[in-house]
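1. I'd like to go over a predicted model; first the sequence, then the structure.
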Amino acid sequence: MGCVHGKCCGRFPKSSDGDPREFRDSGPYSAQRKQHILTERSLELVPVPSHRFNLEYTVLTQRGYYPDSPDKDNQDSFCVKTQLQGNPNIHFFGVFDGHGQFGTQCANFVKDRLVEVLADDPTLPDDPVEAYNSAFLTTNSELHSSVIDDTMSGTTAITVLVVGNTLYVANVGDSRAVIAVKDGNRIIAEDLSRDQTPFRKDEYERVKQSGARVLSVDQVEGLKDPSIQSWGDEESEGGDPPRLWVQNGMYPGTAFTRSVGDSTAEKIGVVATPEVSVVQLTPNHLFFVVASDGVFEFLSSQAVVNMAAKYSDPRDACAAIAGESYKLWLEHENRTDDITIIIVHIKGLSNSAGGATDGTDGSTNRAARRRRKGNSGSSFNSGSEVFRSVRSDSSEIQSCQLVLSMNRNPAIVVPSPTCQSPRNSV
């Protein structure tokens, strides 16, 4: 979900790594001959020598299908930067989902600048959480001051910083990171981030205090009672979610409560301050997924993990998840969102490597221990620990436990739209 006006045109970044593959339409839309570009990175491997394990990763980004905007480009962007500050134990993964007329430019700006600010911060190895907060706020300020018009445009950001055997996950917006945890014969999806939308009571109250009106489109248009400030949950009301509006206007209509950019929405509480979670990796952690909200619009975190776990090669997993997401979008809408997925396999991590340092004389681990001791956090039955540096009044992340079939099937190819949305074909 983005701004009420949808994701407008822009240019897909040429700097995104990978070879483009073309998928031509068939069926009702074949006359348009519109190409759907899938950009996939080759399979990469980067070591984390401090704890003697490897990260094997790949990226896939799929342009959405927009029948009303056939020339619209992908507004998603991504960044993978290994060995920050020349440290072989610090690696960065991020997905940026632009929105608004200049959303592509905003996403590209933040993709490039956020990791640069992080890499230039000398406090990063000692206090990644504080470095993350500073980097997001600095990048937001620089975007406001840039030549890019971000009054009604911006980007969400979901990022994972690997420092030794610790993950630092910083989120602004409604994209998501999730980690797969082995628990006996089950593989459990544990959310590493929480979507920041008005569905959350704490975020709703925060933006209301900043002067936002929170209403769905139907409420704004007088089709539903605006005094009813309850919208169920995202599963039941995702088609017409609560959005943020200025007091006396029909804008900006954002369905998220945090972003980078969006200077108009910033006046009614949309902030660039990230929520940061910290996870100490164990041998039970198999892989993590970082993806734009186009993936999670119709797929749960557990469904994404279930699909990814079926494939030993993360490239096949990315294709399967993108294909299923694309299919579900077309079953519910006459379009799809842009889709970007990073999958990172954690290979070879053992308990015996726990005494190693991160190449910083152990200061990173000490800082993490101090932070965990000072802040209450949530723990999971799987043995994974998630700690929040930015707390909220709402309940902790819940993990969904399902039995996973480990049968391996051929990867699903991202389909072209071959049928009209049921909603629009009546």
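-> Nice, thanks for sending it over. Residues are numbered from 1 along each chain as shown.

2. Chain neighbours aside, what residue packs nearest to Gly103?
-> Excluding its sequence neighbours, the residue lying closest to Gly103 (C-beta to C-beta, 6 or more residues apart in numbering) is Gln75, at 4.5 Å. The C-beta positions use only the backbone N, C-alpha and C, and glycine is treated the same way.

3. and Leu286, what are its phi and psi?
-> phi -100, psi -50 (degrees, to the nearest 10).

4. Let's see the distance spanning stretch 185-202 from one end to the other.
-> This stretch, stretch 185-202, spans 36 Å end to end (C-alpha to C-alpha, to the nearest Å).

5. Could you do stretch 69-88 as well?
-> End-to-end distance of stretch 69-88 (C-alpha to C-alpha): 43 Å.

6. Could you number the chain from 9 rather than 1 from now on?
-> Let's use 9 as the start, then, which means that last one is stretch 77-96.

7. what comes up buried for that stretch?
-> Buried residues in stretch 77-96, counted by 16 or more other C-beta atoms under 10 Å: 80-90, 92, 95.

8. I'd like the list of those that fall within strands, please.
-> Asp84, Ser85, Phe86, Cys87, Val88, Lys89, Thr90 (DSSP state E).

9. what would those look like in CSV with distance to Ile349 and pLDDT?
-> Shown next, in CSV, are these (distance: C-beta to C-beta, whole Å; pLDDT from 0 to 100):
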residue, distance to Ile349, pLDDT
Asp84, 10, 97
Ser85, 13, 96
Phe86, 9, 97
Cys87, 14, 97
Val88, 12, 97
Lys89, 17, 97
Thr90, 18, 97
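
10. and Asn62, what does it touch?
-> Leu53, Val54, Pro55, Val56, Lys355, Gly356 (C-beta atoms under 8 Å, 6 or more residues apart in numbering).

11. ok, of the residues you listed, which one's closest to Ala328?
-> Lys355 (19.8 Å; C-beta to C-beta).

12. isn't the residue nearest to Gly111 right up against Ile347?
-> No - if you go by C-beta atoms under 8 Å, Gln83 and Ile347 don't touch, sitting 11.2 Å apart.

13. In CSV, list the C-alpha atoms belonging to the helix or strand hosting Ala327.
-> Assigned by DSSP states H and E, Ala327 belongs to helix 322-340. Output in CSV follows, covering the C-alpha atoms of helix 322-340 (Å, rounded to 0.1, in the frame of the first residue of the first chain):
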residue,chain,number,x,y,z
PRO,A,322,17.4,-18.9,-3.5
ARG,A,323,17.0,-17.9,-7.1
ASP,A,324,14.3,-20.5,-7.5
ALA,A,325,12.7,-19.4,-4.3
CYS,A,326,12.6,-15.8,-5.5
ALA,A,327,11.0,-16.8,-8.7
ALA,A,328,8.4,-19.0,-6.9
ILE,A,329,7.4,-16.2,-4.5
ALA,A,330,7.3,-13.6,-7.2
GLY,A,331,5.2,-15.8,-9.4
GLU,A,332,2.7,-16.6,-6.6
SER,A,333,2.5,-13.0,-5.6
TYR,A,334,1.9,-11.9,-9.1
LYS,A,335,-0.9,-14.5,-9.6
LEU,A,336,-2.7,-13.5,-6.4
TRP,A,337,-2.6,-9.9,-7.3
LEU,A,338,-4.3,-10.6,-10.6
GLU,A,339,-6.9,-12.8,-8.9
HIS,A,340,-7.9,-9.8,-6.7
